[in-house]
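In: Show me how the following folds:
(one chain, ligands or ions: 2)
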Amino acid sequence: MGSVEKSKENLGKCLCMKCPSYTFTCKIKSMPSNAMDMMKKDISKVDHMEALFCAFGKSKCITDEKGCMCRGCEIYKENNLSNSYYCLGGK
Ligand code: SF4
Ligand code: SF4
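Out: Residues are numbered from 1 along each chain as shown. Ligands and ions are numbered 1, 2, ... in the order given. Predicted coordinates:
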């Protein structure tokens, strides 16, 4: 498995935001850093983000396994990933 690219294109394909493990509280907390800032920045230089966990590593907010959507994600297939719960286990 190679490393997943931190790109806006990949962020757009990531299913984490639609996942049951990504709680409503986490979405609210990550809103300012994700939605607005990220669209302006070059995200390849960003250290942490609350999405695209297979590229950015563990979440600072998600704590429970409530289902994982990674296996249905395009990034998962494109990068031959084999794990799930990247938000909890890291990349
Ligand atoms: S890594 Fe899996 S469990 Fe975690 S938020 Fe993304 S889809 Fe959901
Ligand atoms: S494989 Fe999982 S963590 Fe990676 S982009 Fe897809 S949904 Fe997000």
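In: Might you enumerate the residues of this protein proximal to ligand 2?
Out: Applying C-beta under 6 Å from any ligand atom, one finds that the chain approaches ligand 2 through 14-16, 52-54, 69-70, 73, 75-76, 81, 86. (C-beta placed from N, C-alpha, C; glycine too.)
In: Compile those into TSV and extend it with columns for distance to residue 45 and pLDDT.
Out: Below are those laid out as TSV (distance: C-beta to C-beta, whole Å; pLDDT from 0 to 100):
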residue	distance to residue 45	pLDDT
14	18	97
15	24	97
16	20	97
52	14	96
53	18	97
54	18	98
69	27	98
70	24	98
73	23	98
75	19	98
76	24	98
81	23	97
86	20	98
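In: Please narrow those to those residing in strands.
Out: Per DSSP state E, strands hold no members of these.
In: which among those are in contact with ligand 1?
Out: Near ligand 1, judged by C-beta under 6 Å from any ligand atom, the entries from the residues of the chain next to ligand 2 are 15-16, 53, 69-70, 86.
In: that older thread, most surrounded residue in the residues of the chain next to ligand 2?
Out: residue 52 (30 neighbours; other C-beta atoms under 10 Å).
In: give the contact list for that residue.
Out: 4, 6, 10-11, 14, 16, 75 (C-beta atoms under 8 Å, 6 or more residues apart in numbering).
In: Check residue 54 too.
Out: Residue 54 makes contacts with 4, 70, 75-76, 79, 81, 86, 91, as judged by C-beta under 8 Å, 6+ apart.
In: 7 Å - rerun?
Out: Shown in contact with residue 54 (C-beta atoms under 7 Å, 6 or more residues apart in numbering): 4, 70, 75, 81, 86, 91.
In: just residue 51 next, same as before
Out: Residue 51 sits next to 11, 14, 16-17, 34 when contact means C-beta under 7 Å, 6+ apart.
In: Tell me the residues on the protein that lie near ligand 1, please.
Out: With the criterion set to C-beta under 6 Å from any ligand atom, the chain comes near ligand 1 through 15-16, 19, 21-22, 53, 62, 68-70, 84-87.
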